[in-house]
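Peer 1: predicted structure and sequence below. I'll ask about it afterward.
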Amino acid sequence: MSLIQYLSRIQFDFDAIDLLADEISALGLRRPLLVTDRGIEASGILGRALHAAHPHKPMVFSGTTENPTEANLDACLALWAEHGCDGVIALGGGSALDLSKAVALLTSHGGRFADYDVKTGGSARIGKVSPQIAIPTAAGTGAEIGRASVMSLHDGRKCVAVSLKMVADTIIADPGLTLSLPPRLTAATGIDALSHGIESFLSPSYNPPADAIALDAVARTARSLRRATEVGSDREARREMMMGALEGGMALQKGLGAAHAMATPLGEAHYHHGTLIGILLPHVVAWNRPFSEDRIARLEQATGDGRPLERWLSDLVGDLGLPQTLSALGVHSADLPSIAVKAAKDHLTLTNPRPTGADDYGTLLLEAM
(Lines give C-alpha, C1' and ligand atoms only; values in the text may rest on other atoms or scores of the structure.)
Protein backbone atom coordinates (compact mmCIF):
# COMPACT_ATOMS: atom_id res chain seq x y z
CA MET A 1 0.00 0.00 0.00
CA SER A 2 1.36 3.44 -0.95
CA LEU A 3 0.54 6.51 1.12
CA ILE A 4 0.63 9.71 -0.97
CA GLN A 5 -0.02 12.78 1.14
CA TYR A 6 0.59 16.52 0.87
CA LEU A 7 -0.44 18.50 3.89
CA SER A 8 0.79 22.06 4.23
CA ARG A 9 -0.48 25.52 3.39
CA ILE A 10 2.38 27.31 1.61
CA GLN A 11 2.94 31.04 1.11
CA PHE A 12 5.73 31.35 -1.47
CA ASP A 13 7.35 34.50 -2.90
CA PHE A 14 9.54 37.45 -2.06
CA ASP A 15 8.20 39.31 1.01
CA ALA A 16 5.97 36.37 1.97
CA ILE A 17 7.21 36.83 5.54
CA ASP A 18 5.02 39.93 5.72
CA LEU A 19 2.04 37.54 5.94
CA LEU A 20 3.22 36.09 9.27
CA ALA A 21 0.64 37.87 11.44
CA ASP A 22 -2.20 36.66 9.20
CA GLU A 23 -0.93 33.08 9.34
CA ILE A 24 -0.59 33.18 13.13
CA SER A 25 -4.19 34.37 13.34
CA ALA A 26 -5.36 31.72 10.86
CA LEU A 27 -4.04 29.01 13.20
CA GLY A 28 -5.72 30.66 16.19
CA LEU A 29 -2.45 31.08 18.08
CA ARG A 30 -2.22 33.53 20.98
CA ARG A 31 1.29 32.91 22.34
CA PRO A 32 3.58 31.12 19.88
CA LEU A 33 7.17 30.15 20.66
CA LEU A 34 9.56 31.29 17.92
CA VAL A 35 12.59 28.99 17.55
CA THR A 36 15.67 30.40 15.82
CA ASP A 37 19.45 30.79 16.24
CA ARG A 38 21.98 33.50 17.06
CA GLY A 39 22.99 33.96 13.43
CA ILE A 40 19.43 34.72 12.36
CA GLU A 41 19.10 37.06 15.31
CA ALA A 42 22.31 38.94 14.39
CA SER A 43 21.38 39.14 10.69
CA GLY A 44 18.25 41.15 11.38
CA ILE A 45 15.91 38.46 10.01
CA LEU A 46 14.54 37.77 13.49
CA GLY A 47 13.71 41.45 13.91
CA ARG A 48 11.89 41.47 10.60
CA ALA A 49 9.91 38.38 11.58
CA LEU A 50 8.89 39.88 14.92
CA HIS A 51 7.79 43.06 13.14
CA ALA A 52 5.77 40.98 10.67
CA ALA A 53 4.14 39.09 13.55
CA HIS A 54 2.72 42.28 15.12
CA PRO A 55 0.34 42.55 16.96
CA HIS A 56 1.26 39.03 18.06
CA LYS A 57 4.27 38.83 20.38
CA PRO A 58 6.00 35.46 20.10
CA MET A 59 8.27 34.25 22.89
CA VAL A 60 11.75 33.77 21.35
CA PHE A 61 14.28 30.99 21.80
CA SER A 62 17.42 31.89 19.83
CA GLY A 63 19.83 29.31 21.24
CA THR A 64 19.49 26.64 18.56
CA THR A 65 22.87 25.03 17.88
CA GLU A 66 24.13 23.99 14.43
CA ASN A 67 22.91 20.45 15.08
CA PRO A 68 19.92 20.67 17.45
CA THR A 69 20.41 18.98 20.81
CA GLU A 70 18.21 17.60 23.53
CA ALA A 71 19.48 20.45 25.71
CA ASN A 72 18.03 22.92 23.16
CA LEU A 73 14.77 21.01 23.30
CA ASP A 74 14.64 21.05 27.09
CA ALA A 75 15.17 24.82 27.09
CA CYS A 76 12.33 25.31 24.60
CA LEU A 77 9.99 23.11 26.62
CA ALA A 78 10.75 25.13 29.75
CA LEU A 79 9.91 28.39 27.92
CA TRP A 80 6.74 26.85 26.54
CA ALA A 81 5.56 25.83 30.00
CA GLU A 82 6.59 29.10 31.67
CA HIS A 83 4.81 31.33 29.17
CA GLY A 84 1.83 29.17 28.25
CA CYS A 85 2.71 28.87 24.57
CA ASP A 86 0.25 27.26 22.18
CA GLY A 87 2.18 26.84 18.92
CA VAL A 88 5.68 27.04 17.46
CA ILE A 89 7.24 29.13 14.69
CA ALA A 90 10.51 27.89 13.19
CA LEU A 91 12.75 30.57 11.69
CA GLY A 92 16.07 29.39 10.28
CA GLY A 93 17.78 26.50 8.58
CA GLY A 94 17.36 22.80 9.15
CA SER A 95 18.41 22.93 12.80
CA ALA A 96 15.70 25.38 13.88
CA LEU A 97 13.15 23.58 11.73
CA ASP A 98 14.01 20.19 13.24
CA LEU A 99 13.99 21.59 16.77
CA SER A 100 10.56 23.16 16.28
CA LYS A 101 9.12 19.82 15.18
CA ALA A 102 10.51 18.22 18.32
CA VAL A 103 8.89 20.99 20.40
CA ALA A 104 5.57 20.44 18.63
CA LEU A 105 5.87 16.71 19.28
CA LEU A 106 6.72 16.75 22.97
CA THR A 107 4.33 19.57 23.91
CA SER A 108 1.51 17.49 22.48
CA HIS A 109 2.66 13.98 23.44
CA GLY A 110 4.92 14.28 26.47
CA GLY A 111 7.82 11.98 27.30
CA ARG A 112 11.37 12.24 25.90
CA PHE A 113 12.38 12.59 22.29
CA ALA A 114 13.96 9.11 22.28
CA ASP A 115 10.50 7.64 22.97
CA TYR A 116 9.64 8.43 19.34
CA ASP A 117 12.80 7.07 17.68
CA VAL A 118 11.90 5.60 14.29
CA LYS A 119 14.52 2.86 14.77
CA THR A 120 12.68 1.45 17.79
CA GLY A 121 9.16 1.83 16.41
CA GLY A 122 8.41 4.91 18.49
CA SER A 123 7.44 7.08 15.53
CA ALA A 124 4.40 4.89 14.92
CA ARG A 125 2.89 6.37 18.11
CA ILE A 126 2.98 9.95 16.83
CA GLY A 127 -0.44 11.57 16.40
CA LYS A 128 -1.46 15.19 15.90
CA VAL A 129 1.22 17.58 17.20
CA SER A 130 1.07 21.21 18.32
CA PRO A 131 0.49 23.82 15.56
CA GLN A 132 3.55 24.87 13.56
CA ILE A 133 4.60 27.60 11.14
CA ALA A 134 7.89 26.98 9.33
CA ILE A 135 9.95 29.82 7.80
CA PRO A 136 13.16 28.58 6.11
CA THR A 137 16.08 31.00 5.77
CA ALA A 138 18.17 28.70 3.56
CA ALA A 139 17.37 26.68 0.46
CA GLY A 140 18.52 23.23 1.43
CA THR A 141 17.07 20.77 3.89
CA GLY A 142 13.43 20.95 2.84
CA ALA A 143 12.77 20.45 6.56
CA GLU A 144 10.05 23.10 6.38
CA ILE A 145 7.82 20.50 4.70
CA GLY A 146 9.69 17.38 5.77
CA ARG A 147 8.33 14.75 8.12
CA ALA A 148 11.48 14.07 10.14
CA SER A 149 13.17 15.66 13.14
CA VAL A 150 16.81 14.80 13.88
CA MET A 151 18.12 15.40 17.39
CA SER A 152 21.42 14.83 19.21
CA LEU A 153 20.53 13.30 22.56
CA HIS A 154 22.26 14.06 25.85
CA ASP A 155 24.46 10.96 25.38
CA GLY A 156 25.58 12.13 21.92
CA ARG A 157 23.49 9.67 19.89
CA LYS A 158 21.52 10.88 16.87
CA CYS A 159 17.81 10.16 17.19
CA VAL A 160 15.25 10.58 14.41
CA ALA A 161 11.48 10.85 14.75
CA VAL A 162 9.55 10.46 11.49
CA SER A 163 5.86 11.06 10.88
CA LEU A 164 3.70 12.92 8.38
CA LYS A 165 1.84 14.18 11.46
CA MET A 166 4.89 16.38 12.22
CA VAL A 167 4.81 18.31 8.92
CA ALA A 168 4.22 22.03 9.57
CA ASP A 169 0.67 23.33 9.17
CA THR A 170 1.88 26.47 7.40
CA ILE A 171 5.05 27.27 5.47
CA ILE A 172 6.23 30.77 4.62
CA ALA A 173 8.89 30.37 1.93
CA ASP A 174 10.42 33.78 1.22
CA PRO A 175 13.44 33.62 -1.14
CA GLY A 176 14.41 37.11 -0.01
CA LEU A 177 15.50 35.68 3.35
CA THR A 178 18.29 33.76 1.58
CA LEU A 179 19.86 36.72 -0.26
CA SER A 180 22.46 37.31 2.46
CA LEU A 181 23.43 33.65 2.84
CA PRO A 182 27.23 33.30 2.40
CA PRO A 183 28.50 31.44 -0.71
CA ARG A 184 29.84 28.37 1.10
CA LEU A 185 26.61 27.88 3.05
CA THR A 186 24.57 28.50 -0.11
CA ALA A 187 26.59 25.77 -1.84
CA ALA A 188 26.41 23.22 0.98
CA THR A 189 22.68 23.67 1.64
CA GLY A 190 22.02 23.67 -2.11
CA ILE A 191 23.78 20.32 -2.51
CA ASP A 192 21.50 18.97 0.22
CA ALA A 193 18.44 20.18 -1.70
CA LEU A 194 19.75 18.57 -4.88
CA SER A 195 20.41 15.30 -3.06
CA HIS A 196 16.82 15.08 -1.84
CA GLY A 197 15.57 15.16 -5.40
CA ILE A 198 18.11 12.53 -6.46
CA GLU A 199 17.80 10.07 -3.59
CA SER A 200 14.01 10.30 -3.32
CA PHE A 201 13.67 9.71 -7.07
CA LEU A 202 15.90 6.63 -6.77
CA SER A 203 13.91 5.29 -3.82
CA PRO A 204 11.91 2.19 -4.78
CA SER A 205 8.80 3.48 -2.97
CA TYR A 206 5.84 3.88 -5.35
CA ASN A 207 4.77 7.51 -5.50
CA PRO A 208 4.60 8.94 -9.05
CA PRO A 209 3.60 12.47 -7.92
CA ALA A 210 6.68 12.60 -5.67
CA ASP A 211 8.82 11.31 -8.55
CA ALA A 212 7.64 14.16 -10.77
CA ILE A 213 8.30 16.70 -8.04
CA ALA A 214 11.75 15.22 -7.37
CA LEU A 215 12.75 15.51 -11.03
CA ASP A 216 11.63 19.13 -11.11
CA ALA A 217 13.62 19.80 -7.93
CA VAL A 218 16.74 18.35 -9.57
CA ALA A 219 16.24 20.42 -12.71
CA ARG A 220 15.74 23.67 -10.79
CA THR A 221 18.69 23.20 -8.45
CA ALA A 222 20.97 21.96 -11.25
CA ARG A 223 20.48 25.12 -13.28
CA SER A 224 20.48 27.58 -10.37
CA LEU A 225 22.92 26.41 -7.68
CA ARG A 226 26.11 27.72 -9.27
CA ARG A 227 24.53 31.11 -9.97
CA ALA A 228 23.08 31.44 -6.45
CA THR A 229 26.49 30.60 -4.97
CA GLU A 230 28.51 32.91 -7.22
CA VAL A 231 26.04 35.83 -7.33
CA GLY A 232 24.09 35.71 -4.09
CA SER A 233 22.05 38.78 -5.01
CA ASP A 234 20.52 37.05 -8.06
CA ARG A 235 16.85 36.97 -7.09
CA GLU A 236 15.80 34.50 -9.78
CA ALA A 237 18.49 32.01 -8.77
CA ARG A 238 17.51 32.37 -5.11
CA ARG A 239 13.85 31.89 -6.01
CA GLU A 240 14.59 28.75 -8.00
CA MET A 241 16.74 27.32 -5.20
CA MET A 242 14.05 27.99 -2.60
CA MET A 243 11.47 26.19 -4.75
CA GLY A 244 13.88 23.34 -5.46
CA ALA A 245 14.49 22.87 -1.75
CA LEU A 246 10.76 22.96 -1.02
CA GLU A 247 10.10 20.38 -3.74
CA GLY A 248 12.91 18.20 -2.40
CA GLY A 249 11.17 18.27 0.95
CA MET A 250 7.85 17.32 -0.66
CA ALA A 251 9.48 14.28 -2.25
CA LEU A 252 11.02 13.11 1.03
CA GLN A 253 7.97 11.02 1.84
CA LYS A 254 9.39 8.44 -0.60
CA GLY A 255 12.42 8.06 1.66
CA LEU A 256 16.08 8.71 0.90
CA GLY A 257 19.04 6.37 0.58
CA ALA A 258 22.57 5.34 1.45
CA ALA A 259 24.14 8.82 1.33
CA HIS A 260 21.81 10.08 4.04
CA ALA A 261 22.09 6.81 5.97
CA MET A 262 25.86 7.42 6.25
CA ALA A 263 25.50 11.15 6.88
CA THR A 264 23.44 10.56 10.02
CA PRO A 265 26.14 8.79 12.08
CA LEU A 266 28.87 10.97 10.55
CA GLY A 267 26.85 13.98 11.68
CA GLU A 268 27.29 12.92 15.30
CA ALA A 269 30.74 14.54 15.02
CA HIS A 270 29.01 17.81 13.99
CA TYR A 271 30.18 17.91 10.37
CA HIS A 272 27.89 20.04 8.20
CA HIS A 273 25.19 17.83 6.73
CA GLY A 274 25.17 19.26 3.20
CA THR A 275 28.96 19.08 3.04
CA LEU A 276 28.85 15.39 4.00
CA ILE A 277 26.20 14.68 1.39
CA GLY A 278 28.30 16.33 -1.32
CA ILE A 279 31.15 13.95 -0.52
CA LEU A 280 29.06 10.80 -0.20
CA LEU A 281 26.44 11.11 -2.93
CA PRO A 282 28.66 10.57 -6.02
CA HIS A 283 29.87 7.26 -4.54
CA VAL A 284 26.32 6.19 -3.71
CA VAL A 285 25.04 7.00 -7.21
CA ALA A 286 27.82 4.86 -8.71
CA TRP A 287 27.00 2.06 -6.24
CA ASN A 288 23.29 2.17 -7.11
CA ARG A 289 23.74 2.43 -10.88
CA PRO A 290 23.45 -1.35 -11.65
CA PHE A 291 20.08 -1.35 -9.88
CA SER A 292 18.80 2.02 -11.16
CA GLU A 293 20.21 2.57 -14.65
CA ASP A 294 16.92 3.83 -16.14
CA ARG A 295 16.17 6.18 -13.28
CA ILE A 296 19.69 7.56 -13.21
CA ALA A 297 19.36 8.24 -16.94
CA ARG A 298 16.22 10.30 -16.24
CA LEU A 299 18.09 12.24 -13.55
CA GLU A 300 20.90 12.89 -16.03
CA GLN A 301 18.33 14.36 -18.42
CA ALA A 302 17.04 16.58 -15.61
CA THR A 303 20.51 18.00 -14.93
CA GLY A 304 20.86 19.00 -18.58
CA ASP A 305 24.45 17.75 -18.59
CA GLY A 306 25.88 14.99 -20.76
CA ARG A 307 28.20 13.52 -18.13
CA PRO A 308 27.38 10.50 -15.93
CA LEU A 309 25.47 11.69 -12.88
CA GLU A 310 28.13 10.66 -10.37
CA ARG A 311 30.86 12.50 -12.28
CA TRP A 312 28.70 15.59 -12.73
CA LEU A 313 27.97 15.62 -8.99
CA SER A 314 31.63 15.27 -8.04
CA ASP A 315 32.67 18.05 -10.43
CA LEU A 316 29.87 20.30 -9.16
CA VAL A 317 30.93 19.86 -5.54
CA GLY A 318 34.53 20.69 -6.45
CA ASP A 319 33.55 23.69 -8.57
CA LEU A 320 31.53 25.06 -5.65
CA GLY A 321 34.62 24.93 -3.45
CA LEU A 322 33.33 22.25 -1.10
CA PRO A 323 35.44 19.36 0.25
CA GLN A 324 35.38 16.19 -1.85
CA THR A 325 36.76 13.69 0.66
CA LEU A 326 35.95 12.71 4.22
CA SER A 327 39.61 12.99 5.17
CA ALA A 328 39.50 16.67 4.23
CA LEU A 329 36.90 17.11 6.98
CA GLY A 330 39.06 15.30 9.53
CA VAL A 331 37.24 11.95 9.54
CA HIS A 332 39.52 9.14 10.77
CA SER A 333 39.66 5.73 9.09
CA ALA A 334 39.51 4.04 12.49
CA ASP A 335 35.98 5.39 12.97
CA LEU A 336 34.60 4.00 9.71
CA PRO A 337 33.63 0.46 10.87
CA SER A 338 31.32 1.76 13.59
CA ILE A 339 29.84 4.35 11.22
CA ALA A 340 29.19 1.59 8.65
CA VAL A 341 27.32 -0.50 11.24
CA LYS A 342 25.17 2.47 12.26
CA ALA A 343 24.42 3.31 8.62
CA ALA A 344 23.29 -0.25 7.93
CA LYS A 345 20.80 0.05 10.81
CA ASP A 346 19.49 3.43 9.68
CA HIS A 347 15.88 3.45 8.45
CA LEU A 348 16.94 5.18 5.20
CA THR A 349 18.88 2.07 4.16
CA LEU A 350 15.49 0.45 3.58
CA THR A 351 14.68 2.90 0.76
CA ASN A 352 18.03 2.71 -1.00
CA PRO A 353 17.47 0.99 -4.39
CA ARG A 354 20.36 -1.42 -3.90
CA PRO A 355 20.53 -3.63 -0.78
CA THR A 356 23.39 -2.24 1.31
CA GLY A 357 24.89 -3.86 4.40
CA ALA A 358 27.59 -2.85 6.86
CA ASP A 359 30.39 -4.28 4.69
CA ASP A 360 29.09 -2.34 1.69
CA TYR A 361 28.95 0.84 3.73
CA GLY A 362 32.50 0.21 4.86
CA THR A 363 33.62 0.07 1.23
CA LEU A 364 31.68 3.24 0.31
CA LEU A 365 33.14 5.12 3.27
CA LEU A 366 36.67 4.08 2.36
CA GLU A 367 36.09 5.28 -1.20
CA ALA A 368 34.87 8.60 0.19
CA MET A 369 37.97 9.03 2.35
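Peer 2: That came in fine, so what should we check first?
Peer 1: next secondary structure after the biggest helix by length in the chain?
Peer 2: When the chain is parsed with DSSP state H, its longest helix is helix 273-303. Note on helix 273-303: by DSSP states H and E, the next helix or strand toward the C-terminus is helix 309-319.
Peer 1: what angle sits between that next one and helix 273-303?
Peer 2: Angle of helix 309-319 versus helix 273-303, following axes from the mean of the first three to the mean of the last three Cα atoms, to 10 degrees, is 130 degrees.
Peer 1: elements contacting helix 309-319?
Peer 2: If you count contacts as 3 or more Cβ pairs under 8 Å, 6 or more residues apart in numbering; DSSP states H and E, helix 309-319 packs onto helix 183-202, helix 208-230, helix 273-303. Bear in mind the C-beta positions are built from the backbone N, C-alpha and C, glycine included.
Peer 1: need these in TSV with distance to residue 106, can you?
Peer 2: Shown next, in TSV, are the helices and strands packed on helix 309-319 (distance: least, Cβ to Cβ, whole Å):
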stretch	distance to residue 106
helix 183-202	26
helix 208-230	28
helix 273-303	23
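Peer 1: against residue 316, how distant is the residue of the chain positioned farthest from its centre?
Peer 2: Residue farthest from the centre of the chain, counting by Cα atoms, centre = their mean, is residue 55 at 30.8 Å. The gap separating residue 55 from residue 316 is 46 Å, by Cβ to Cβ, to the nearest Å.
Peer 1: with residue 27 instead?
Peer 2: 39 Å.
Peer 1: which of the two has more residues huddled nearby?
Peer 2: Ranked by neighbour count (other Cβ atoms under 10 Å), residue 27 and residue 316 place residue 316 first, with 22 against 16.
Peer 1: show me what contacts the residue nearest to residue 356 when sequence neighbours are not counted?
Peer 2: Ranked by Cβ to Cβ, 6 or more residues apart in numbering and with sequence neighbours excluded, the top spatial neighbour of residue 356 is residue 258, at 5.2 Å. The neighbourhood of residue 258, defined by Cβ atoms under 8 Å, 6 or more residues apart in numbering, consists of 280, 284, 287-288, 343, 348-349, 352, 354, 356, 361, 364.
Peer 1: can you rerun that using 7 Å?
Peer 2: 284, 287, 349, 352, 356, 364 (Cβ atoms under 7 Å, 6 or more residues apart in numbering).
Peer 1: try residue 118
Peer 2: 160-162, 347.
Peer 1: repeat the analysis, applying 8 Å as the threshold.
Peer 2: 148, 160-162, 347.
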